[in-house]
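Participant: I need the structure of the sequence given here:
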Amino acid sequence: MKHLAYWLPRPLFSLFLAVLWLFLMNTVSIAHILLGLVLGVAIPFITQGFWPEQARAGHPLLVLRYVRAFLWDLLCSNLVVARRILGRTRHLQPGFVLYPVELDDEFAITVLASTISLTPGTVSTHYDAAQHTLLIHVLHLEDEEVLIQQIKTRYERPLQEMFQ
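Facilitator: Below you'll find the predicted structure:
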C-alpha cells in the first residue's frame with residue numbers, strides 16, 4: 001500500500017485531472033481515457049515535491065457544515081450583489097477592511113481567504129503573516145465591525161474547529 005502511495009500521491013486529484021482531460025477534449029475514447037489517466041498519475045507524481053504537507057480536516061460533519069454555510073452565503077451574496085448592481089439605487093460604499101486572523105494553520109488561512117474571495121461582494125487582497133491580518137475589499141461596506149464578526153462566526157471559528 002505504501003508503494004501505491006508513492007506512485008499515486010494524490011489519488012483524488014489524479015482522478016480529477018483525468019476527468020478534466022475528458023471534459024476538455026469533449027470526447028470519450030480509449031485513447032483519451034488512457035491519456036487522461038497517464039496525465040492524472042504523472043502530474044501529481046512529478047509535482048509532489050512542490051506540494052505542502054496534506055492538511056487534515058477534523059470531523060467530516062464539521063466540513064459538511066462549513067460547506068453548507070458557505071453555499072448558503074454564496075446564494076445570498078449573489079442575490080444581494082445582483083440587487084445592488086441592477087437596482088435603481090446604486091449607492092455603493094466600497095472599502096477595505098483589515099481583518100485580524102486568529103488561525104495558525106496555513107491551509108486553514110488559505111481556505112478562509114478563498115472563501116472570502118469566492119463570496120460575491122468581497123475579495124481577499126493580501127495576507128500579512130507578520131501582522132496576522134487579511135486585507136479584504138468589500139463592494140458595499142456599511143459596518144466594518146459587523147463584517148468582521150460575521151467572518152469570525154461564519155468561517156474562522158468553524159475552520160479553527162476543523163483544523164485543530
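Participant: which stretch of helix or strand covers the residue nearest the centre of the chain?
Facilitator: For the chain, Ser114 is the residue whose C-alpha lies nearest the centre (CA atoms, centre = their mean; 3.9 Å). Using DSSP states H and E, Ser114 falls within helix 106-118.
Participant: picking up where we left off before, residues in contact with the residue nearest to the centre of the chain?
Facilitator: Neighbouring residues of Ser114 by CB atoms under 8 Å, 6 or more residues apart in numbering: Ser124. Quick note: C-beta positions are derived from backbone N, CA and C, even for glycine.
Participant: Can you give me the pLDDT of it?
Facilitator: We have a pLDDT of 92 for Ser114.
Participant: I'd like to know how far it sits from Arg84.
Facilitator: Separation of Ser114 from Arg84 (CB to CB, to the nearest Å): 23 Å.
Participant: Tell me the buried residues in the helix holding Ser114?
Facilitator: The neighbour-count check on helix 106-118 (16 or more other CB atoms under 10 Å) flags 107-109, 111-113, 115-116 as buried.
Participant: Name the next helix or strand following that helix along the chain.
Facilitator: That would be, after helix 106-118 and using DSSP H and E, strand 122-128.
Participant: Can you name every helix or strand that that next one contacts?
Facilitator: helix 106-118, strand 133-138 (3 or more CB pairs under 8 Å, 6 or more residues apart in numbering; DSSP states H and E).
Participant: which neighbours does it have in its sheet, and in what orientation?
Facilitator: strand 133-138 (antiparallel) (DSSP bridges).
Participant: which other residues reach the partner strand?
Facilitator: 94-101, 109, 112-113, 116, 121-128, 147, 151.
Participant: Could you pull up the contacting residues of the nearest residue to Leu141 once chain neighbours are set aside?
Facilitator: Excluding the flanking residues, the one nearest Leu141 by CB to CB, 6 or more residues apart in numbering is Gly95, at 3.7 Å. The neighbourhood of Gly95, defined by CB under 8 Å, 6+ apart, consists of 137-138, 141, 144.
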